[in-house]
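curious how this folds, go ahead:
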Amino acid sequence: MDSIFKLPAYVGIIIEQDNKVLLIQRNHTNWMSGHWNFPGGLLEKDETLPEAAVREAQEETNIVIKSENCKLVHVLQVFKNEQNTQDIIGFYFKAEKWSGTPHNNEPDKSSHLEWFDIDNLPELTTSHALLAIKGIKNKILYSCHV
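Numbers count the residues shown, from 1 in each chain. Model prediction:
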């Protein structure tokens, strides 16, 4: 049983409106500080993936989503390397319905919250977000970042 690989999980939430996606600029974090990424975070103990997506959206952006309105659109397996701090697996959910006014609820972890055209993302967008969008556009459910 020592060969079983345990992999932490995170969720990314894609909130889209008029062909624009909501991104957060990470700040004072141990990974990709200064880069833009989807709202999201680590899965907590005894939490389902959709519950994590709902919680993270509310915590980070003030957006309210019901778990039944979260659609799994991409899975990204990440391997530790010079850019990635750990092996981890990400589950990207698209919020099909949501309410609330986006607001940066965690200014200690993110400096800005902004809408960007999905086809014209900022230069400093994380590779994880770019890979997820590429997968979604190409209707590929799984990809990996090595």
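
longest helix of the protein?
Scanning the chain for the helix with the most residues, using DSSP state H, yields helix 49-61.

would you mark the buried spots in that one?
Buried positions in helix 49-61, judged by neighbour count with 16 or more other Cβ atoms under 10 Å: Leu49, Pro50, Ala52, Ala53, Val54, Arg55, Glu56, Ala57, Gln58, Glu60, Thr61. (C-beta placed from N, C-alpha, C; glycine too.)

contacts for it, please.
Helix 49-61 has contacts (Cβ atoms under 8 Å, 6 or more residues apart in numbering) with 9, 11, 13, 15, 22, 24, 39-44, 47, 63-68, 70, 72, 91, 93, 95, 98, 100, 102-106, 109-110, 113.

quick check: mean pLDDT of it?
If you average the pLDDT over helix 49-61, you get 96.

how about stretch 132-146?
For stretch 132-146, the mean per-residue pLDDT is 92.

and the residue nearest to Val146 when sequence neighbours are not counted, how many residues sit next to it?
The spatially closest residue to Val146, leaving aside those adjacent along the chain, is Phe79, at 4.7 Å (Cβ to Cβ, 6 or more residues apart in numbering). Burial of Phe79, expressed as a neighbour count using other Cβ atoms under 10 Å, amounts to 11.

who's in contact with Phe79?
Contacts of Phe79 were listed using Cβ under 8 Å, 6+ apart, and they are Asp87, Cys144, His145, Val146.

just the pLDDT for it.
The confidence metric pLDDT takes the value 89 at Phe79.

please tell me how far it sits from Glu106.
27 Å (Cβ to Cβ, to the nearest Å).
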